[in-house]
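With the sequence up front, the predicted model follows.
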Amino acid sequence: MKQNILAIAVAAVVVAPMAAHADVTLSGLIQAEIVGQKDASTNYDYISRAQDSGGAVFNGGNNRISIKFDEKLGGGLKAFGAYEAAFNTSANNTITRREAYVGLKGAVAHVRLGTIAGAYKNSLAVVDPFAGTSLQARGTGGGMSGGRLGHSNFLDNVLEVGVNAGGVAAQFQWTADQKYDPATANQTYNYDASCTTAAPKACTKQNGAGLAELKYNGKAGKVEFGVFGAAAYTDVKQISTDSSKSDGHRNWKVGGSVSFANLTIAGQYENVQISQNGGTLDGNRGKYGILSLDYRIGSISVDTWVAKYKSDNNVVVSPTGNDALSFAVGGKYHFSKRTQAYLGYRKTDSDSSTKGTTDKKLYDQDAIVLGIMHKF
């Protein structure tokens, strides 16, 4: 922990004088929340500050420090890269990883290598006005898929190729093979005998993964609109004493947004076969649909989303492992382009009507959230 903090401090000191050359920048985001939550699984009400680093604000946090560089190489070619570290404000005791990559780009195309956010989740903030807060739809919100090949976390050892021209943008990502242990969420690229002798489904081998996104943004008079489609595919092999079956699994989604006057309407539909952690096959498979509204009046915006999840599972594994209807509604006060306060209410109403479950309200959740967010 002390080494991580020291590394961030040293990096900040080094970046300051380099920023004068205009090709290195230090930026980030910091937010804090106080949340009143009622969780039906414990039948207990409590007030707490949300843990908000790398996916644990109930459903995923935004706090980060970013160091980015951009160097002109001549002939229209540039080198670019970034290093990001995530932290929390609830206890201020954790520094974790985010993106770390380097690449080359021209006028319409780019290539980059490293740890990168999956292309599948690029549209997260388009369809969810509360993305990155405890009011958001992913995770316990039950409104969209999670996992590295869904709307959460980051991909390691990625090769990404992208193009962007005339309002059309496309990204393709490929990751190397890896072994994944769902019990610890650890992943490695070194295979050993432990996986071949492990208990059934103790670990899996992911034979690479591919992700792609295609989107178009345009304008017709005073109306702005966008459409997108994305997919993720991986061939996952259960490594155990009783199973050697290898199956391809995929997620796909389509969606879009339209903005006119002070109103933005957005939504998406997704079909999910790759579950929460991306390495296990018995998680949050099913169909998700979400519709959101954002209405801005001066410095105040009113936001809401409503989502439906239809499970394909026969086992209870998580709050999104059951059919669910969920929504969030709230407001934001924008002090400036970089600072806002938000207040809202989120509810998840889950059937929990799966085998072995007698409490049909086991995964219901209510949350009242107050937060402040600042970008720098």
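Noted; the coordinates are in hand.

Now do the helices in the stretch 151-300 of the chain.
Listed in chain order, the helices of the stretch 151-300 of the chain (DSSP state H, counting those that start in this stretch) span 193-196.

Show me the strands in it, by range?
154-165, 168-175, 178-181, 186-188, 203-220, 223-239, 246-260, 263-272, 286-297, 300-311 (DSSP state E, counting those that start in this stretch).

Dump those strands into TSV; add distance to residue 143, mean pLDDT and mean neighbour count as well.
The way it works is simple: take the backbone N, C-alpha and C, and place the C-beta from them, glycine included. Putting those into TSV (distance: least, Cβ to Cβ, whole Å; pLDDT from 0 to 100; neighbours: other Cβ atoms under 10 Å) gives the following:
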stretch	distance to residue 143	mean pLDDT	mean neighbour count
strand 154-165	21	91	17
strand 168-175	23	93	18
strand 178-181	25	55	20
strand 186-188	26	48	14
strand 203-220	19	81	18
strand 223-239	16	82	19
strand 246-260	12	84	17
strand 263-272	9	94	19
strand 286-297	5	93	19
strand 300-311	3	92	20
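
Tell me which of those approaches residue 121 most closely.
strand 223-239 (8.2 Å; Cβ to Cβ).

re the thing from before, compare the strands of the stretch 151-300 of the chain and give me the one nearest residue 332.
Closest approach to residue 332 among the strands of the stretch 151-300 of the chain (Cβ to Cβ): strand 300-311, 4.7 Å.

Just checking: what are the partner strands of the closest one?
With DSSP bridges as the test, strand 300-311 is paired with strand 286-297 (antiparallel), strand 324-334 (antiparallel).

List the contacts of the shortest one.
For strand 324-334, the external contacting residues (Cβ atoms under 8 Å, 6 or more residues apart in numbering) are 130, 135-137, 141-143, 299-309, 311, 340-351, 363, 369.

By mean pLDDT, flag the weakest helix or strand of this structure.
The weakest-scoring helix or strand in the chain, judged by mean pLDDT, DSSP states H and E, is strand 44-48 (a mean of 44).

ok, then the element right after that strand?
Per DSSP states H and E, strand 44-48 leads on to strand 64-74 as the next helix or strand towards the C-terminus.

Quick check: mean pLDDT of that next one?
What strand 64-74 shows for mean pLDDT is 93.

now for it, which elements pack on it?
Counting by 3 or more Cβ pairs under 8 Å, 6 or more residues apart in numbering; DSSP states H and E, the packing neighbours recorded for strand 64-74 are helix 2-18, strand 24-39, strand 77-87, strand 95-105.

what comes up buried for it?
64-69 (16 or more other Cβ atoms under 10 Å).

Extract the C-alpha trace of that strand and format it as PDB.
Extracted in PDB, the C-alpha atoms of strand 64-74 (Å, rounded to 0.1, in the frame of the first residue of the first chain):
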ATOM      1  CA  ARG A  64      -9.000   8.000 -10.500                       C
ATOM      2  CA  ILE A  65      -5.700   9.800 -11.200                       C
ATOM      3  CA  SER A  66      -4.600   9.800 -14.800                       C
ATOM      4  CA  ILE A  67      -1.300  10.500 -16.500                       C
ATOM      5  CA  LYS A  68      -1.500  10.800 -20.200                       C
ATOM      6  CA  PHE A  69       1.000  11.700 -22.900                       C
ATOM      7  CA  ASP A  70       0.700  12.600 -26.600                       C
ATOM      8  CA  GLU A  71       3.800  13.200 -28.800                       C
ATOM      9  CA  LYS A  72       3.800  14.200 -32.500                       C
ATOM     10  CA  LEU A  73       6.100  11.900 -34.500                       C
ATOM     11  CA  GLY A  74       5.800  13.600 -37.900                       C
END
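
Strand 77-87 and that one, what's the angle between them?
Angle of strand 64-74 versus strand 77-87, following axes from the mean of the first three to the mean of the last three Cα atoms, to 10 degrees, is 170 degrees.

Now do strand 64-74 against strand 24-39, angle only.
Interaxial angle, strand 64-74 versus strand 24-39 (the same axes, to 10 degrees): 150 degrees.

got a list of contacts for stretch 155-172?
For stretch 155-172, the external contacting residues (Cβ under 8 Å, 6+ apart) are 101, 103, 108-119, 122, 148-149, 173-176, 178, 187, 189, 209-218.
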